[in-house]
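Trainee: I would like the atomic coordinates for the input below:
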Amino acid sequence: MGMLRASAVVLAGLLTACPDDPSPAADTHDPDALACAPVADGETRPLVDHALWQAVAPADDPWIALRPADLDCGAAGKLEDFAGHPAFEVNTQGCSYTTVVQPALAAACQGELLFVWLWNYALTAPDGGTAIIGVQIGSDRVWQGERTIPSSSLLVYDHVVLPHDVPAGTPVYFHVNNHGNNQYELLDLSIVNPAHANVP
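Mentor: I've put the predicted structure just below:
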């Protein structure tokens, strides 16, 4: 990760992260129901495996309101190597819209820090437009961003405080809604140690 993290671009007006509900979440954490061991220095607790993403059924798609009525292209993504790091690659040449899902590999507790790491190449489209990229865990839209098309490539390196407990097996969704022939790489969704996350 070192090379990419060193060159990370923090969202500086190029991409807007916009959780659905900016108000503080109610404290729903029950320490007796879900125990989360602290993440050790230099370690992470991965929530996903990029080989396990599957196309979501339309009835379960959290972004269903944006889904084209005539969509018929399955999961427009695959496991790839990105600079020596496994990534889930979404290429929109054959499909402009995709939502994929997998069960969370591990539990995470309310208040823990989720690391969102993704990359897009320069975005182009004949008529321009706006791309939407999002991450949802269970019913929580934990991270969402919009990119203007055309625009330059961007490395997103963001941290989100989880609003609720996440039991292992909770559905984790990744979404791309795009105009034009573009490429996105989801690199990581992991729980990290706040002391090493460069968070204000």
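
Trainee: where does the protein dip in pLDDT?
Mentor: Filtered on pLDDT under 70, the chain yields the residue ranges 1-33, 74-76, 196-200.

Trainee: where along it do the strands fall?
Mentor: 16-17, 44-46, 54-55, 77-82, 85-91, 97-103, 113-120, 129-137, 140-149, 154-161, 171-177, 183-192 (DSSP state E).

Trainee: mind checking which of the ones you listed is nearest Leu66?
Mentor: Of all the strands of the chain, strand 171-177 sits nearest to Leu66, with 5.3 Å by C-beta to C-beta. C-beta: built from backbone N, CA, C; applies to glycine.

Trainee: Touching the closest one from outside, list them.
Mentor: 47-48, 53, 56, 60, 62-63, 66, 76, 88, 90, 92, 96-104, 131-138, 184, 186, 189 (C-beta atoms under 8 Å, 6 or more residues apart in numbering).

Trainee: Just the buried residues out of these, in PyMOL syntax.
Mentor: The buried residues among the contacts of strand 171-177 can be selected in PyMOL (16 or more other C-beta atoms under 10 Å) with this line:
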select buried, resi 47+48+53+56+62+63+76+88+90+92+96+97+98+99+100+101+102+104+131+132+133+134+135+136+137+138+184+186+189
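
Trainee: right, and Ser153 touches Thr124 too?
Mentor: No: Ser153 lies out of contact with Thr124 (C-beta atoms under 8 Å); the separation is 11.0 Å.

Trainee: so who does the residue nearest the centre of the chain touch?
Mentor: For the chain, the residue nearest the mean C-alpha position is Val135 (3.9 Å; C-alpha atoms, centre = their mean). By C-beta under 8 Å, 6+ apart, Val135 lies in contact with Val116, Arg141, Val142, Trp143, Gln144, Val172, Tyr173, Phe174, His175, Leu189.

Trainee: what about the fourth one, neighbour count?
Mentor: For Trp143, the neighbour count with other C-beta atoms under 10 Å is 22.

Trainee: which residue packs closest to it, ignoring adjacent ones?
Mentor: Distances taken as C-beta to C-beta, 6 or more residues apart in numbering put Val135 closest to Trp143, at 4.5 Å, once the chain neighbours are dropped.

Trainee: picking up where we left off before, name whatever forms a beta bridge with the residue nearest to the centre of the chain.
Mentor: Trp143, Phe174 (DSSP bridges).

Trainee: Ile132 reaches Arg67, doesn't it?
Mentor: No: the criterion here is C-beta under 8 Å, and Ile132 misses it with Arg67 at 11.7 Å.
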